[in-house]
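S.K.: With the input below, show me the fold.
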Amino acid sequence: MEAKAELESLIGAFLSGALSVRLFCLEYEKLFNFDVARAQLSQPQEAIFRALFDDVIVFSLFKDELAAIPIYRSEDQIRKAAQVAWQKLRDDISN
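M.R.: Okay, the predicted model is just below:
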């Protein structure tokens, strides 16, 4: 499977409810960081996936951490970031 398709598949599974936010973040971080050939991505695609990666790596389940450390991202913030990425990828296809 090509890099874009692998990453999109994972995002789609998360947005459809097939993956928990915790599992999505763990899998997305591993996939983007180690398993996909980023050379297969266009520059706009790489930027979209990297922006989501930057949120995913600072996900926290803990309300105390979220309150104390502003860089951490909540489940809602991860879901919104995934939705934004999904929409930008759809827009990229239509251009």
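
S.K.: what residue ranges in this structure score low on pLDDT?
M.R.: Applying pLDDT under 70 to the chain flags the ranges 1, 93-95.

S.K.: and the biggest helix by length in it, what other elements does it pack with?
M.R.: Scanning the chain for the helix with the most residues, using DSSP state H, yields helix 75-94. If you count contacts as 3 or more C-beta pairs under 8 Å, 6 or more residues apart in numbering; DSSP states H and E, helix 75-94 packs onto helix 3-15, helix 21-30, helix 43-56. Using the backbone N, CA and C atoms, a C-beta is placed for each residue, glycine as well.

S.K.: okay, those in TSV with mean neighbour count and distance to Glu65 next?
M.R.: Below are the helices and strands packed on helix 75-94 laid out as TSV (neighbours: other C-beta atoms under 10 Å; distance: least, C-beta to C-beta, whole Å):
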stretch	mean neighbour count	distance to Glu65
helix 3-15	18	21
helix 21-30	17	14
helix 43-56	17	15
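
S.K.: Of all the ones you listed, which one comes closest to Asp64?
M.R.: With C-beta to C-beta as the measure, helix 21-30 is the member of these nearest Asp64 (16.8 Å).

S.K.: Can you name the residues in contact with the closest one?
M.R.: With contacts defined as C-beta atoms under 8 Å, 6 or more residues apart in numbering, helix 21-30 is touched by 7, 10-11, 13-14, 19, 52-53, 56-57, 59, 61, 75, 78-79, 82.

S.K.: Understood, closing this out.
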